[in-house]
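Peer 1: My questions concern the predicted model and sequence given below.
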Amino acid sequence: MTGTPAPFTADDYTARMRRAARAAGDAGLDGVLIAPGPDLVWLTGYRPPETERLTLLVLRPGEDPALVVPALEAPDAAKAAPMLALRDWTDGTDPYQAAADLLGRAGRSGGAGRFGVSDNTWAMHLLGLQNRLSDTAYVSLTEALPMLRAVKDAAELERLAAAGAAADAAYEEILKVRFAGRRETEVAVDLAGLLRRFGHSQVDFTIVASGPNGANPHHEAGDRVIERGDMVVLDFGGLKHGYGSDTSRTVHVGEPDAEERRVHDIVRAAQEEGFRAVRPGAACQDVDRAARAVITEAGYGAYFIHRTGHGIGVTTHEPPYMVEGEERPLVPGMCFSVEPGIYLPGRFGVRVEDIVTVTEDGGRRLNTTARDMAIVE
């Protein structure tokens, strides 16, 4: 994709909200409640400030969507999401009563009903609703509707592909910089700058984990000076056109020894097997099992200490998850990482990660840079 994609329209958002309300009804819920955050942006295109003032989207099957919003923010909400009916409230009045008026109609089993709530809803707001509607029940949206954002349409896939291509371009450029003698933080700054150069509006993380730090999967770049002979795990991503990138490659400063090559080859083979397991109808856990089997058979099973993958979209971590016990089937349009790793405490780590989307007959990588170990200076 070149240039800036056409923005999503009011009709696009209306269709998403209808689908969410319908899914809520199918799940036995009386509706869903969405606080400011990624779910609200995905459903409405509105990104309000996340403050102590209550903003809450209310979706109920068969009813028009409504947004409870502070009066001082109502003009911005009306402009950003004209398809919504606004229920504004002013400072000094009770915002939870305004929300309760929308929720208090009898639910399926009497009382106010049972609602899915977006995971990042502030506890004070949920408790405020409970105080007004004591017979209302709530459940996490990830628990109740885990696949709400999981299957991407063509426009979303286009954005994810563009984000992946930008991350790939950043990786190709970072291979040209000097690693030896520089701090991890310096290389991380280079990576962040490259992501922005190639179109990212937001950089979420730039992991640069050298030598023994590579054995920590979520190491944050620090003041360690990278040395010749170090293995270095690079894991970086953010948002471009509102959709995420996330890729990992492991490089070596100078020539690696035989064990380092072997471990990298095992992880690369595991990543390939995980990718080959991607196909419609396969269970999410099948991807994890395929990658993990390679590492276990090579004798490093105890050193693969995390799931094989996570979903990605308007956030870099969301359902579905490629992990043992997740039996949900893969369907075309799902997007997630395949990122096995081996982490040897006190020595080094290796991770190789691509974002993959499920197609009608298998899977397609959204990251296409070489997965061989790159040698850097």
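Peer 2: Looks like it arrived, so ask away.
Peer 1: who does residue 351 bridge with?
Peer 2: Assessed by DSSP bridges, residue 351 has beta-bridge partners residue 341.
Peer 1: ok, it - how many residues close by?
Peer 2: 24 (other Cβ atoms under 10 Å). C-beta here means a position set from N, CA and C on the backbone, and glycine is covered the same way.
Peer 1: what's residue 349 in contact with, if anything?
Peer 2: For residue 349, the contact set (Cβ atoms under 8 Å, 6 or more residues apart in numbering) comprises 209, 214, 215, 216, 217, 231, 233, 250, 341, 342, 343.
Peer 1: Narrow the residues you listed to those that are buried.
Peer 2: 209, 214, 215, 217, 231, 233, 250, 341, 342, 343 (16 or more other Cβ atoms under 10 Å).
Peer 1: quick one, phi psi at the first one?
Peer 2: It stands for residue 209. Main-chain dihedrals, residue 209, degrees, to the nearest 10: phi -120, psi 100.
Peer 1: got the contact list for it?
Peer 2: 184, 216, 219, 221, 232, 233, 235, 349 are the contacts of residue 209 under Cβ under 8 Å, 6+ apart.
Peer 1: same check, this time on the third one
Peer 2: Residues near residue 215 by Cβ under 8 Å, 6+ apart: 343, 344, 345, 346, 347, 348, 349.
Peer 1: Of those residues, keep whichever come out buried.
Peer 2: So, by 16+ other Cβ under 10 Å, the buried ones in these are 343, 344, 348, 349.
Peer 1: Same list (those residues) but as a markdown table, adding secondary structure, distance to residue 360 and pLDDT.
Peer 2: Listed next are the buried ones among the contacts of residue 215 as a markdown table, based on DSSP: H, G, I helix; E, B strand; the rest coil; distance: Cβ to Cβ, whole Å; pLDDT from 0 to 100:
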| residue | secondary structure | distance to residue 360 | pLDDT |
| --- | --- | --- | --- |
| 343 | strand | 36 | 98 |
| 344 | strand | 40 | 98 |
| 348 | strand | 39 | 98 |
| 349 | strand | 36 | 98 |
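Peer 1: which two in those are spaced the farthest apart?
Peer 2: 343 and 348 (8.4 Å; Cβ to Cβ).
Peer 1: Quick check: neighbours shared by those two?
Peer 2: By Cβ under 8 Å, 6+ apart, the residues touching both residue 343 and residue 348 are 214, 215.
Peer 1: rewinding a little: if we take the contacts of residue 349, which one ends up nearest to residue 353?
Peer 2: Comparing the contacts of residue 349 against residue 353 with Cβ to Cβ picks out residue 341 as the nearest, at 8.3 Å.
Peer 1: From residue 11, how far off is the closest one?
Peer 2: Separation of residue 341 from residue 11 (Cβ to Cβ, to the nearest Å) stands at 42 Å.
Peer 1: can you give me the strands in the stretch 151-300 of the chain?
Peer 2: Using DSSP state E, counting those that start in this stretch, the strands of the stretch 151-300 of the chain run over residues 202-210, 231-240, 243-244, 247-253.
Peer 1: tell me the mean pLDDT over the second one?
Peer 2: Mean pLDDT, strand 231-240: 98.
Peer 1: With the last one instead?
Peer 2: Across strand 247-253, the average pLDDT comes to 98.
Peer 1: got the angle for that strand vs strand 202-210?
Peer 2: Interaxial angle of strand 247-253 relative to strand 202-210 (axes from the mean of the first three to the mean of the last three Cα atoms, to 10 degrees): 30 degrees.
Peer 1: Then the second one?
Peer 2: Using the same axes, to 10 degrees, the interaxial angle of strand 231-240 with respect to strand 202-210 works out to 180 degrees.
Peer 1: Can you spell out which helices and strands pack onto strand 231-240?
Peer 2: helix 154-174, helix 184-197, strand 202-210, strand 247-253, strand 348-351 (3 or more Cβ pairs under 8 Å, 6 or more residues apart in numbering; DSSP states H and E).
Peer 1: switch the cut-off to 10 Å
Peer 2: helix 154-174, helix 184-197, strand 202-210, strand 247-253, helix 258-276, strand 341-344, strand 348-351, strand 374-376 (3 or more Cβ pairs under 10 Å, 6 or more residues apart in numbering; DSSP states H and E).
Peer 1: Likewise for the third one?
Peer 2: Packed against strand 243-244, as judged by 3+ Cβ pairs under 10 Å, 6+ apart, are the following elements: helix 154-174, strand 335-338.
Peer 1: if we take the buried ones among the contacts of residue 215, which one ends up nearest to residue 204?
Peer 2: residue 349 (20.2 Å).
Peer 1: which regions of the chain lie under the pLDDT threshold?
Peer 2: 1-2, 104-112 (pLDDT under 70).
Peer 1: Tell me how it divides into domains.
Peer 2: Per automatic domain parsing, the structural domains of the chain span 10-144, 154-376.
Peer 1: Most tightly packed of those?
Peer 2: domain 154-376 (a mean of 20; mean count of other Cβ atoms under 10 Å).
Peer 1: Do me a favour and get the end-to-end distance for it?
Peer 2: End-to-end distance for domain 154-376, by Cα to Cα, to the nearest Å: 37 Å.
Peer 1: ok, now stretch 131-144?
Peer 2: Termini of stretch 131-144 sit 22 Å apart (Cα to Cα).
Peer 1: What of stretch 113-132?
Peer 2: End residues of stretch 113-132 are separated by 13 Å (Cα to Cα).
Peer 1: just stretch 339-348 next, same as before
Peer 2: Across stretch 339-348, first to last residue, Cα to Cα, it's 16 Å.
Peer 1: just to revisit the earlier point, among the buried ones among the contacts of residue 215, which one sits closest to residue 164?
Peer 2: residue 349 (22.8 Å).
Peer 1: Identify the residue spatially nearest to that closest one, adjacent ones excluded.
Peer 2: What sits nearest to residue 349 in space, not counting adjacent residues and going by Cβ to Cβ, 6 or more residues apart in numbering, is residue 214, at 3.3 Å.
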